[in-house]
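> This is a predicted model, with the sequence first.
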Amino acid sequence: MKPLSRSSAKGGSEADSIQCRIFSSLRSKQKRNTVLTCIHDIVFAPDFTPSSVAPIVNACAAALTAAEFSDLLQTPNIEGHMTLYWAIVIL
């Protein structure tokens with residue numbers, strides 16, 4: 001199953017519902033990989049806006065336990081850096 005990218009999740013509650021259904025059908029490791037792919041898409045999207053990012057991040061946070069999501073954000077998963085690094089560099 002192909003993970004949703006930032007552009008495919010822009011539509012609001014309908015897109016959120018689709019993402020939630022996709023996440024609910026995946027196993028834990030697959031969920032983590034899907035969330036990481038979504039975050040990677042956000043980091044490297046040239047035209048993101050905060051309003052288009054929020055639904056994706058919310059769906060990602062809901063897909064994992066708080067500890068798993070926190071661990072994912074604090075692990076250098078994207079080109080050797082943590083997600084927070086990219087959030088600062090991009091802004």
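Cool, got the structure.
> residues contacting L73?
39, 82-84 (Cβ atoms under 8 Å, 6 or more residues apart in numbering). In this view, the C-beta of every residue, glycine as well, is placed from N, C-alpha and C.
> export those residues to TSV and tack on secondary structure, pLDDT and neighbour count?
Putting those into TSV (DSSP: H, G, I helix; E, B strand; the rest coil; pLDDT from 0 to 100; neighbours: other Cβ atoms under 10 Å) gives the following:
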residue	secondary structure	pLDDT	neighbour count
I39	helix	86	23
M82	coil	89	15
T83	helix	82	20
L84	helix	79	10
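> What is the nearest of those residues to S28?
Nearest to S28, judged by Cβ to Cβ, of the contacts of L73 is I39 at 16.6 Å.
> would you list every one of the helices in this protein?
13-24, 28-43, 50-63, 66-74, 83-90 (DSSP state H).
> Check whether P76 really touches M82, as I assumed.
Yes: at 5.4 Å, P76 counts as touching M82 under the criterion of Cβ atoms under 8 Å.
> K29 versus A87, what's the distance?
Plainly put, A87 is 24 Å away from K29 if you go by Cβ to Cβ, to the nearest Å.
> Just want to know which of these two has more residues nearby.
When neighbours are counted by other Cβ atoms under 10 Å, A87 and K29 differ, and A87 comes out ahead with 14 against 8.
> Show me the shaky parts of this protein.
Within the chain, the stretches with pLDDT under 70 are 1-26, 91.
> how does it look with 50?
1-11 (pLDDT under 50).
> C-alpha coordinates for stretch 41-49, PDB please?
Taking C-alpha atoms only, stretch 41-49 is exported to PDB below (Å, rounded to 0.1, in the frame of the first residue of the first chain):
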ATOM      1  CA  ASP A  41       7.300  14.300   2.300                       C
ATOM      2  CA  ILE A  42       6.500  17.300   4.500                       C
ATOM      3  CA  VAL A  43      10.200  18.100   5.100                       C
ATOM      4  CA  PHE A  44      11.000  18.100   1.400                       C
ATOM      5  CA  ALA A  45       7.900  19.600   0.000                       C
ATOM      6  CA  PRO A  46       8.800  22.900  -1.600                       C
ATOM      7  CA  ASP A  47       5.400  24.500  -1.300                       C
ATOM      8  CA  PHE A  48       4.000  23.400   2.100                       C
ATOM      9  CA  THR A  49       1.800  25.600   4.200                       C
END
